[in-house]
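Student: Build me a model from this:
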Amino acid sequence: MTSAASSPQAVRTETSASSATASAAARTPRLGSRDVAFIAVFAALAAALSAVPGIPTGGSGVPITLQTIGIALCGMVLGPLRGFLAALLYVALGLLGLPIFSNFSGGLGVLAGGSAGYVLSFPLYALICGLLARWAVKRLTGPRLWCVLALGGLLGSFLTNHPGGILGMSINLDLTLQQALFADMAFWPGDVLKNLLAAVLAVTVHRAFPAVLVRR
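Tutor: Numbering: from 1, shown residues only. Down below sits the predicted model:
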């Protein structure tokens, strides 16, 4: 009698547990073939933009390049997880030896140069761009979306890319933090323009392909 009376409650408990498990699984990010393809394409885009000749900046030896547009687009278009993974893939392939960094450089030797901090910060830069993009694309359109994406790109850059670059130049080029900061300031005007351009491109992509940021 006790077993029979308790069985409905047990069934309800098992049903609730199954529902909770299914709900948790639904919230867990999973990468499908479509996501993997996007990650590979945007890592290749960052590599292609890096192939454009950079502008020398003088003593730091770190040129102004277009690769940060590619990294910003990884986050602005793909969102935080896939954008982070696309930037991480790009960095990993470069460190493994592919000549896909600025001036066709690659390999672990990059970590001993002035650009090491910039390169290592790329995945975090894309992550912050992606977090703001995921919020903005669901709520905003047109010029407002462009403004938020551009400001998000600048925020991500000045929270991750520039501090990482300053620290890397200070360590690898034997500069004081103040000297490294002054060297980094040469990149600020270009960084503003590149994030504005990346936001324009990202808005264009989201307008043409509104489902690109929707992960199934």
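
Student: where do the helices sit along this protein?
Tutor: 2-27, 33-50, 67-78, 80-95, 116-137, 142-156, 162-172, 177-184, 188-208 (DSSP state H).

Student: and the angle from the third one to helix 142-156?
Tutor: Direction vectors for helix 67-78 and helix 142-156, defined by axes from the mean of the first three to the mean of the last three C-alpha atoms, to 10 degrees, enclose an angle of 120 degrees.

Student: Relative to the whole chain's centre, how far out is helix 67-78?
Tutor: In terms of C-alpha atoms, centre = their mean, to the nearest Å, the centre of helix 67-78 is set 6 Å apart from its chain centre.

Student: helices and strands around that helix, which ones?
Tutor: Contact analysis of helix 67-78 by 3 or more C-beta pairs under 8 Å, 6 or more residues apart in numbering; DSSP states H and E lists helix 33-50, helix 80-95, helix 116-137, helix 142-156, helix 188-208 as its packing neighbours. For glycine as for every other residue, the C-beta is placed from the backbone atoms N, C-alpha and C.

Student: Just give me the lowest mean pLDDT stretch among the helices of the chain.
Tutor: Least confidently modelled of the helices of the chain is helix 2-27, at a mean of 48 by mean pLDDT.

Student: Ok, which of the helices and strands packed on helix 67-78 comes nearest Leu175?
Tutor: Nearest to Leu175, of all the helices and strands packed on helix 67-78, is helix 116-137, at 11.7 Å by C-beta to C-beta.

Student: and the residue nearest to the spatial centre of the chain, what is it in contact with?
Tutor: Most central in the chain under C-alpha atoms, centre = their mean is Ala126, positioned 1.5 Å from the mean C-alpha point. Residues in contact with Ala126 (C-beta atoms under 8 Å, 6 or more residues apart in numbering) are Ile71, Ala72, Cys74, Gly75, Gly83, Phe84, Ala86, Ala87, Gly156.

Student: quick check, nearest of the residues you listed to Ala198?
Tutor: In terms of C-beta to C-beta, no member of the contacts of Ala126 lies closer to Ala198 than Ala72, at 3.9 Å.

Student: Against Gln179, how distant is that closest one?
Tutor: Using C-beta to C-beta, to the nearest Å, one obtains 27 Å as the distance from Ala72 to Gln179.

Student: contacting residues around the closest residue in space to Leu140 that isn't next to it in sequence?
Tutor: The shortest distance from Leu140 to any residue other than its chain neighbours is 6.0 Å, reached at Val148 (C-beta to C-beta, 6 or more residues apart in numbering). The contact partners of Val148, taken as C-beta under 8 Å, 6+ apart, are Leu132, Ala136, Leu140.

Student: Buried subset of those residues as a PyMOL selection?
Tutor: Buried members of the contacts of Val148 can be picked out in PyMOL with the line below, counting by 16 or more other C-beta atoms under 10 Å:
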select buried, resi 132+136
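
Student: Turn the contacts of Val148 into a markdown table, columns for distance to Pro210.
Tutor: Converted to a markdown table, the contacts of Val148 look like this (distance: C-beta to C-beta, whole Å):
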| residue | distance to Pro210 |
| --- | --- |
| Leu132 | 18 |
| Ala136 | 13 |
| Leu140 | 13 |
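
Student: which one of the contacts of Val148 sits closest to Ala44?
Tutor: When those are compared for distance to Ala44 (C-beta to C-beta), Leu132 comes out closest, at 23.7 Å.
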